[in-house]
Structure formats: structure tokens, C-alpha cells
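A.B. asks: Give me coordinates for this.
(one chain, ligands or ions: 1)
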Amino acid sequence: MSADFSTEAVVIGAGAVGLGVARALAQAGRDVLILEKNARTGEETSARNSEVIHAGIYYPKGSLKAELCVEGRNRLYAFCESHGVPHRRLGKLIVATNADQNQDLATIRQKAADNGVTDLEPLSKAQIVALEPELTVTGGLLSPSTGIIDSHAYMQALLGDAEAAGASLVRNAEILSATLQDGRYRLTVRNGGETMALQTSLLVNCAGLWASRVARLIEPLDAAFAPATFLAKGNYATLNTRSPFRHLVYPVPEAGGLGIHLTLDMGGAARFGPDVEWLETDDPARIDYAVSKTVPAHFAPRIAAYWPKVTEAMLAPGYSGIRPKIGGRANPNADFRIDGPDAHGLNGLVNLFGIESPGLTASLAIAEKVKGMLRDA
Ligand SMILES: Cc1cc2nc3c(=O)[nH]c(=O)nc-3n(C[C@H](O)[C@H](O)[C@H](O)COP(=O)(O)OP(=O)(O)OC[C@H]3O[C@@H](n4cnc5c(N)ncnc54)[C@H](O)[C@@H]3O)c2cc1C
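C.D. replies: Presented below is the predicted three-dimensional model:
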């Protein structure tokens, strides 16, 4: 990258969303440069999640999460098939463990139908036990369109498509400032030990956990369009025995979360979680992904509600990921926020905030949305 480098579009961040946006813009004929501050792509939230292709069941009707999850899931399955990305549509069980929760199942089914997810099948206790003999439940739902994906292979495929359409990726490139002058964004970027200058007409901020910090660097973006991001860590426990399960298993959601659920990776290994641990910092230098040794003891009794055989000794501290949340503790399920020129008034700029789950599932739909917002820019 030379000091006077000029391009048409810059995408900040090479996670699943940034790579998806870069691909969409490049395939639309834009000249795209992707800036990633780390040495490798997809090292942050896109590499630290459950790798579940969500059906789109729980999100409020009309929300971006609902709309983009359902559209994104359909696009994602088609992409995986056309690009040979490892994935499995193995289905998810939502299980009730008492009479009150049995009542909740009808509400969940209705909520899903409101989002266009009409394939949930009510299952009796006997039907669930026939599918997963080790579960102790009172009833449930099967979501056949929930699946799992190899997120690393997915991001490689996105980057491959983007590069084939002419996009370039610059690693170790951290954006330091962005100023709109004469209709172009003038960026300064730290690249390795050097500071570079470059210009672009389109600027898309897909910086994930750090999107609010990046937005605050953009002049003259009004502060109302750089909302605070609060960080909520999610810890996993891994099962250190062979998994007896063939489906993903989610308890009926509890207030504020999806409960400690079971997901499987592409190798069939089981993990439980994530929980919700609010972090008191938003300083990148203070982020610690280590998982406490106490996680198995906290998780085991909650898992035992639907899988009585589990013991603390069968679990080990796993990995963790961090959710960017723009609603904080007061509104933990806040929607995605995608601000284009119509929102903040700056031509050519899109900022994406709060892209927590189902951001991986929704990534291709988010990319289309961003492309549409920049169509006339
Ligand atoms: C615990 C957990 C479980 C989840 N499970 C699922 C799931 O099962 N299914 C699902 O659909 N979603 C899930 N999600 C959500 C999903 O992982 C995210 O929505 C998605 O990965 C977000 O992608 P992203 O590209 O926006 O962010 P990221 O992957 O974080 O990418 C942002 C990139 O921007 C870069 N960057 C930041 N600042 C700068 C800068 N100043 N200059 C240059 N680059 C910068 C970062 O280094 C990073 O690479 C989960 C999330 C968590 C935390």
C-alpha cells in the first residue's frame, strides 16, 4: 500500500461480516480494499462462537435480526453447497422440562411463524426420547432448518470470492483516523510499523467489538451515530466424553438468555454454553478470553435439568467469545444497528453496530443490505 493509495471502497474488519460485505461490493464491480488489524482474518468473534446456522426463531418480529437471520440462513446454506463449505443441517431440539415450559412451546412456535419460520415440529416426550435417548424432558420442538457450519472454511470461501472479484486484503492494518473531505474519506492506517494514507469514496465499518471505537474516529460523524458497545463474554464448557447426541439441544429460553445449551462441532464433539458474563471494560488491551475453572461446576446442574447423566467431571473449561451489545444490561437483546447515509447523512458510509448472534448466520444477508445502502453512493 503506497502513501497515496486511492480506492473506491474500504471495508474495515475481516470477520465473517466484513468479508461478506467485501465480497458483495467486489462482485458488484467496486474496487475494494479490506483492512484487518490482526495478522490473520477472522480471529475475533467470527472464530469464537457456536458455529450454528440459526433458523430465526426467537427474534422480535420485524427486527433486523429476524429478517436478516431468515434470509441469511437460506443464502448461507446455498453458499455452503455451491462452495463446498463443510456444514450439516442436523436440526435442533428445543426441550421443555416441566409443565410451565410445555406451555411456552406454543408461544415459541408462534413467534417463529411470525418470522416466517414455519417448519417447527411439536414433539412428544416419547418422540424426543426416540431421537435422543439420554434426554429427560416433558416435550419439545424440532427445528429441522437449524444446522452447523465450519466458520473458518466459510470465511476462506468468502475471501476467495472477494479476491477473485478483485478485492485485496491488507493484514496488520489498523485504522487510526478517517476524515471526509471533498466527498472522499481520507484514512490513516497503521500497517506494521508504518503509517499510511489512503482515500476512498465508500467506507464500511465492520469492526465487530470495536465498531463504536472506529465510528468515533470518523469526522464529521455526529456522536449520536457512534453508540456505546458493551461487551458480554460467553464461556463454553466442553464435554470430555463421546457425545451421545446427534441434534443440538436447547432448553426453553430463560429470562435474558437461551440457557446453557448443547451444540456440536463438525467433528461431532459437544460443547455447552455460552453463558453471559458482562465485562467491565471495553479496552481491547484488557480483553481476556480465558475460561474460569469454575465453569463446569456452574454449568452441570443447569444441563442436568435436561440431561441428568451429566456430572461436573465430564465437563472441562472450553473457549470463550465476546458479544458486542449496544443495549447493555438494560436491553440485552437490542437489535443489530446498520447505519447508512439515510441515518447519519454522510454519503458513502455504513457503520454496523451490535452484530452479535445471529451475525454469522445473517452475514450474507447483511452484506446484501450494506450493498443496497451504498447503491447510489
Ligand atoms: C459466544 C458467541 C456465540 C455465537 N454463536 C453464534 C452462532 O452460533 N451463530 C451465529 O449466527 N452467530 C453467532 N454468534 C455471533 C457471530 O459470531 C458474530 O455476529 C459474527 O462473527 C460477527 O462478525 P463480524 O465480522 O461482525 O465481527 P468479527 O468477527 O469480530 O470481525 C471484526 C474484525 O474487525 C477487525 N477490526 C476491529 N477494529 C479494527 C480496526 N480499527 N482496524 C482494522 N480492523 C479492525 C477485528 O480484528 C476483526 O477481525 C456468536 C457470538 C458469540 C460471542
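
A.B. asks: drop to CA atoms for contacts and neighbour counts, all remaining ones
C.D. replies: Noted.

A.B. asks: With Arg246 as the reference, measure out to the nearest residue to Pro144 once chain neighbours are set aside.
C.D. replies: Closest residue to Pro144 apart from its sequence neighbours, by C-alpha to C-alpha, 6 or more residues apart in numbering: Gly91 at 4.3 Å. According to C-alpha to C-alpha, to the nearest Å, Gly91 stands 9 Å off from Arg246.

A.B. asks: count of neighbours near Arg216?
C.D. replies: Look at Arg216: counted by other C-alpha atoms under 10 Å, it has 18 neighbours.

A.B. asks: that older thread, which phi and psi does the residue nearest to Pro144 have?
C.D. replies: Backbone torsions for Gly91, taken as degrees, to the nearest 10, come to phi 90, psi 150.

A.B. asks: List the buried residues for stretch 21-32?
C.D. replies: 21-27, 30-32 (16 or more other C-alpha atoms under 10 Å).

A.B. asks: Which pair of those spans the longest distance?
C.D. replies: Val21 and Asp31 (12.4 Å; C-alpha to C-alpha).

A.B. asks: still on that earlier bit, gap between the residue nearest to Pro144 and Thr138?
C.D. replies: According to C-alpha to C-alpha, Gly91 stands 19 Å off from Thr138.

A.B. asks: Please tell me the pLDDT value assigned to Asp100.
C.D. replies: pLDDT, Asp100: 93.

A.B. asks: Quick check: it vs the ligand, distance?
C.D. replies: Distance, Asp100 to the ligand, by C-alpha to the nearest ligand atom, to the nearest Å: 27 Å.

A.B. asks: for that residue, helix, strand, or coil?
C.D. replies: Following DSSP: H, G, I helix; E, B strand; the rest coil, Asp100 is assigned to helix.

A.B. asks: Next to the ligand in this structure, residues from the stretch 251-377 of the chain, please.
C.D. replies: Contacts of the stretch 251-377 of the chain with the ligand, taken as C-alpha under 6 Å from any ligand atom, map to 274, 321-323, 355-361.

A.B. asks: By neighbour count, which of these wins?
C.D. replies: Highest neighbour count within those, by other C-alpha under 10 Å: Thr361, with 32 neighbours.

A.B. asks: Does that residue belong to a helix, a strand or coil?
C.D. replies: From three-state DSSP, the assignment for Thr361 is helix.

A.B. asks: try Ser50
C.D. replies: The three-state label given to Ser50 by three-state DSSP is coil.

A.B. asks: My guess is it contacts Leu262. True?
C.D. replies: No. In this structure, Ser50 is not within contact of Leu262 by C-alpha atoms under 8 Å, at 9.5 Å.

A.B. asks: Run through the helices of the protein in chain order.
C.D. replies: 16-27, 64-83, 99-114, 125-131, 151-164, 211-216, 295-304, 341-344, 359-373 (DSSP state H).

A.B. asks: who touches the residue lying closest to Arg73 once chain neighbours are set aside in this structure?
C.D. replies: Excluding the flanking residues, the one nearest Arg73 by C-alpha to C-alpha, 6+ apart is Thr361, at 5.4 Å. By C-alpha atoms under 8 Å, 6 or more residues apart in numbering, the contact list for Thr361 reads 52-54, 69, 72-73, 76.

A.B. asks: Tell me which entries of the residues of the stretch 251-377 of the chain next to the ligand lie within strands.
C.D. replies: 321-323 (DSSP state E).

A.B. asks: Output these in CSV, with distance to Ala305 and pLDDT appended to each entry.
C.D. replies: Listed next are those as CSV, based on distance: C-alpha to C-alpha, whole Å; pLDDT from 0 to 100:
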residue, distance to Ala305, pLDDT
Gly321, 25, 97
Ile322, 26, 97
Arg323, 26, 96
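
A.B. asks: Closest one of these to Leu217?
C.D. replies: Distance ranking of those against Leu217, using C-alpha to C-alpha, places Arg323 first at 21.5 Å.

A.B. asks: Can you name the residues that contact the closest one?
C.D. replies: 45, 209, 231-234, 354-357 are the contacts of Arg323 under C-alpha under 8 Å, 6+ apart.

A.B. asks: Please name the bridge partners of the closest residue to Ser243 other than its chain neighbours.
C.D. replies: Nearest non-adjacent residue to Ser243, counting by C-alpha to C-alpha, 6+ apart: Ala270, 5.7 Å away. Legend: beta-bridge partners of Ala270 under DSSP bridges are Leu264.

A.B. asks: Gly91 and Arg246: which has the busier surroundings?
C.D. replies: Each of Gly91 and Arg246 had its neighbours counted (other C-alpha under 10 Å), and the higher figure belongs to Gly91 (20 against 15).
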